[in-house]
Every structure is written in C-alpha cells, then in structure tokens.
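Enquirer: pasted the sequence and its predicted model underneath.
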Amino acid sequence: MPEIIWRKQTNAPNKFMGSGMLPPGAYVTLEHEYILILRKGNKRNFNTQTEKKLRQESAYFWEERNIWFSDVWVGLKGTKQNLKTAEANRNRSAAFPFELAYRLIQMFSIRGDVVLDPYLGTGTTTAAAMASERNSVGVEKDESFKSVILDKISTIVDDSNEYILNRIANHLQFVEIREDSKGPMKYENNNYGFKVMTKQEQNIILNYLTSITQSEDMFFEVCYSVGNDCQLNKMEKEDKDLAKKPSKTITLDTFT
Ligand SMILES: C[S@@+](CC[C@H](N)C(=O)[O-])C[C@H]1O[C@@H](n2cnc3c(N)ncnc32)[C@H](O)[C@@H]1O
C-alpha cells in the first residue's frame, strides 16, 4: 500500500551539519521516517453482527480522517523520555510519539484486535493499544527498557483518559466551528449525543480506562468504563466499585 512519510520535529540546536552557510559542503538533516503499510491477502471481511458492531464502534471522526489519510504526517509531537541506561539512551532517537502509534492503531485495527510490536522499546505501541481498547503483545530484547515500560504503564489510565478527552474536546470544537460556518450538522453520535458529520460516526465509542492490573511479570489487564468483561484480580474484586472508578473525574457528559 502507499507508504506514509512522518515528518519528524527536529529542533535540536545542533541539527545542521556541514560547513555552515558556506557552499559547497551542505549536508541535509534527516527529518523524516517511512511508515510502511503492508496488507496480507485481500481486504478484511466483517461477517458477524459482533464484528460489524465492533467496526462501527471503532470509527474515527470525519475531520480526523481528513488529516490522517494524508501520506505526509506533520505536527506529531515527540514524547519526552526519561531513559536511565546508556543503551536506552542510544536508542532514544528512534522512539516515536504516542500520537503516531495511536493513529495507526485507530486506522488499521478495530476494538479487541491484537497489535504486535516486535521491537517494543519504551512501550509506546502498547500504551497506544491500551488507550485504544486493543490487546497488544510487545517483544523487547533489552531488559533495561523494562523499568521505562513500567513507568509508562503506571500512568496509563490517567494519560489515556486525558488523551481521549482531548480527542473529544477537539471534535466538539470542530463541530462548533463547522456549524458556525455551514449550519447544523445532520447526524448525532448515539453514545454521546454530540454532532458528527457522517452516518459512519454515529456509533463511535471512546471508553475511558478505569484500572490496570499487573497479573504476572509484564502481563497487564486493563478495564474500561463500558461493555468489557475484564476479570479483576482477587483484591480488586473485593473492592470492585473502587477499582472501576477512574482516578481523574471523567466528564464526557459535560461535552454533550
Ligand atoms: C527503534 S527502538 C523502538 C522504539 C519504540 N518504537 C519506542 O517508541 O520506544 C527498537 C527496539 O527494538 C529492540 N530490538 C532490536 N532487535 C530486537 C530483537 N531481535 N528482538 C527484540 N527486540 C529487538 C531494540 O532493543 C530497541 O529497543
């Protein structure tokens, strides 16, 4: 499939190499990466009612599609990292922003799918999969990344919820601007009551995360606000209500 060029933000003061402003020794800076998109076999089929429903619920907003479906991605902010080891530091420049993984997961999978990252690094892909209600498997050969991944996961509930709320806030802002200039929008989202551009966005669900449990070494289970049958561990079962409460107040209602 056509590839995507991710235009990296490089603001390092020493980003330009070569002989300053004097020709002929110009040396351009590497400021992009390729995202290769490969599909195995034909288009995926959604045959059962459940599959169709999950697909509908995993739709993204019209205005997101208009940005995401470009083959040049700009403006994705890098993530700050707190890497503790020399080896981890060497790999730092290859870490990509949360938004990049999140976007790809939204575009190429549906709720409940499994996302595989064979080179997990700091765990960005798994974090984005958790925020997207996808399962994920990550493989990383360098054990020193373990603590970085654990750090990231320790704040995943609040971080994901903040991200999801921002996404909705951005949509509401879009609706406001659009309706101001073009008049009332035709469709409404069935879950939140806010306006959407197309029929395909009517069943979008953006469940927030309620808890994360580590059940084995580097094995995690995430619970979501609605429609998920996650098994809470023993301790949490005793205090189910508490476990289901997000640590930050989620105010989707205030947006609708
Ligand atoms: C470019 S980094 C991944 C960065 C990651 N996307 C992030 O945002 O943090 C690539 C990672 O792959 C790991 N890696 C390389 N070869 C591997 C292998 N054969 N099996 C597992 N992990 C491997 C490296 O240790 C490194 O952490």
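Expert: Received it, and whenever you're ready, just let me know what you need.
Enquirer: got the contact list for Tyr34?
Expert: Counting by CB atoms under 8 Å, 6 or more residues apart in numbering, Tyr34 touches Glu3, Ile4, Ile5, Trp6. The C-beta positions use only the backbone N, C-alpha and C, and glycine is treated the same way.
Enquirer: list only those of those flagged as buried.
Expert: Ile4, Trp6 (16 or more other CB atoms under 10 Å).
Enquirer: what does the stretch 51-200 of the chain put close to the ligand?
Expert: Proximity of the stretch 51-200 of the chain to the ligand, by CB under 6 Å from any ligand atom, involves residues 91, 94-96, 119, 121-122, 124, 139-142, 145.
Enquirer: narrow those to those in helices?
Expert: Thr124 (DSSP state H).
Enquirer: report the two of the residues of the stretch 51-200 of the chain next to the ligand separated the most.
Expert: Spatially, the most separated pair among those is Phe96 and Lys141, at 18.4 Å (CB to CB).
Enquirer: higher neighbour count, those two?
Expert: Phe96 (20 against 8; other CB atoms under 10 Å).
Enquirer: how deep is the spatially closest residue to the more buried one that is not a sequence neighbour tucked in, by neighbour count?
Expert: Leaving aside its sequence neighbours, Phe96 sits nearest to Thr124 (CB to CB, 6 or more residues apart in numbering; 6.1 Å). For Thr124, the neighbour count with other CB under 10 Å is 23.
Enquirer: need the contact list for Thr124.
Expert: Applying CB under 8 Å, 6+ apart, the residues near Thr124 are Thr79, Ala95, Phe96, Pro97, Phe98, Leu100, Ala101, Lys152.
Enquirer: redo that, cut-off 7 Å
Expert: Listed by CB atoms under 7 Å, 6 or more residues apart in numbering, the contact set of Thr124 reads Thr79, Ala95, Phe96, Phe98, Ala101.
Enquirer: so the fourth one makes contact with Thr126?
Expert: Put plainly, it is Phe98. No: here Phe98 does not reach Thr126: they are 10.8 Å apart, not a contact under CB atoms under 7 Å.
Enquirer: between these two, which is the more surrounded one?
Expert: Thr126 (24 against 21).
Enquirer: and the residue nearest to Ser58 when sequence neighbours are not counted, how far from Thr125?
Expert: Using CB to CB, 6+ apart and skipping residues adjacent in sequence, the residue nearest Ser58 is Ile110, 4.1 Å away. Counting by CB to CB, to the nearest Å, the gap between Ile110 and Thr125 amounts to 16 Å.
Enquirer: these two - which one has more neighbours?
Expert: In this view Ile110 and Thr125 are compared by other CB under 10 Å, and Thr125 has more residues nearby, 26 against 21.
Enquirer: residues touching that one, list them.
Expert: With the criterion set at CB under 7 Å, 6+ apart, Thr125 makes contact with Ala101, Val115, Asp117, Ser136, Gly138.
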